[in-house]
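Chemist: what follows is a predicted protein model with its sequence.
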Amino acid sequence: MKPLVEVLGLRYRYPDGTEALRGIDFRLHAGESVALLGANGSGKSTFALHLNGLLQGEGSVRVCGIEVTRATLAAVRRKVGLVFQDSETQLFMPTVLEDVAFGLLNQGMAPGKACERAQLELDRVGMRFAQTRAPHHLSAGEKKRVALAGILALEPDVLVLDEPTTFLDPPGQRALAELLRNLPHAKIMITHDIPFARATCSRAVFFHEGCLVAEGTVEEVATRFGWDFSAR
């Protein structure tokens with residue numbers, strides 16, 4: 001079976017000369033959930049931004065068989081859904097329903113159909129009750145669910161979540177973990193939260209100074225690098 005994401009020899013240097021990625025090889029298969037572990041500045045987020053062409057370095061990045069190039073960005077971005085660390089960067093419409101429907105309308109879907117799809121995704125994340133509320137009135141966990149609903153509405157094949165437990169209390173973390181486990185999508189999660197990674201991911205990789213230096217189960221990788229299982 002061909003991987004949904006295949007990255008070979010990926011290198012990237014920022015304009016200031018910082019070498020952020022130094023030859024990354026990575027594969028993600030259908031239905032798989034992989035945690036990206038490593039210290040801040042190790043290259044995790046830089047790597048993730050290459051998956052839908054927000055950054056473009058040297059090497060090969062393929063998503064669902066599509067080579068990520070300037071010419072294929074629209075097609076690639078329909079395949080990869082990014083959920084950012086701060087959900088407020090993705091929530092900007094007057095109501096929750098309008099936020100979730102925004103991407104669909106932007107793609108040209110008829111308003112009635114977009115509204116129906118948005119409501120279905122709000123049902124899936126348990127947020128239909130809030131559809132008429134303003135996003136900024138929601139809790140951190142509720143904002144995360146609404147942001148996720150907006151991405152799910154676009155029907156991506158791959159979900160990329162950057163520090164998904166940021167700002168969430170323990171009940172919110174547990175609820176999000178359960179929600180993600182029940183989604184069939186292939187997932188990449190950038191996180192420092194080892195308990196959350198163990199609860200949601202079948203595999204982990206470890207970034208160090210722009211290199212992917214280890215992979216295995218979450219427990220194997222975290223233990224190898226001395227990360228405390230009880231720490232975030």
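Modeler: Sure thing, it's come through.
Chemist: the helices in the chain, which residues?
Modeler: 44-49, 73-79, 96-106, 111-124, 140-152, 170-181, 194-200, 218-224 (DSSP state H).
Chemist: ok now do Val160, which residues does it touch?
Modeler: Ala48, Leu51, Asn52, Val80, Gly81, Leu82, Val83, Lys187, Ile188, Met189, Ile190 (Cβ atoms under 8 Å, 6 or more residues apart in numbering). C-beta coordinates here come from the backbone N, C-alpha and C atoms, glycine included.
Chemist: again, only this time at 10 Å
Modeler: 5, 28, 36, 45, 47-49, 51-52, 80-84, 151, 186-190 (Cβ atoms under 10 Å, 6 or more residues apart in numbering).
Chemist: now, which of these lie within strands?
Modeler: The members of those that map onto strands under DSSP state E are Val5, Leu28, Leu36, Val80, Gly81, Leu82, Val83, Ala186, Lys187, Ile188, Met189, Ile190.
Chemist: just give me the residue right at the centre of this protein.
Modeler: Val160 (1.7 Å; Cα atoms, centre = their mean).
Chemist: just the ones in strands among the contacts of Val160 now: which is nearest Gly65?
Modeler: Nearest to Gly65 among the ones in strands among the contacts of Val160, counting by Cβ to Cβ, is Val5 at 10.3 Å.
Chemist: any idea how far the closest residue to the closest one other than its chain neighbours is from Val7?
Modeler: Leaving out its chain neighbours, the residue that sits closest to Val5 by Cβ to Cβ, 6 or more residues apart in numbering is Leu28, at 4.0 Å. Note on Leu28: its distance to Val7, by Cβ to Cβ, to the nearest Å, is 9 Å.
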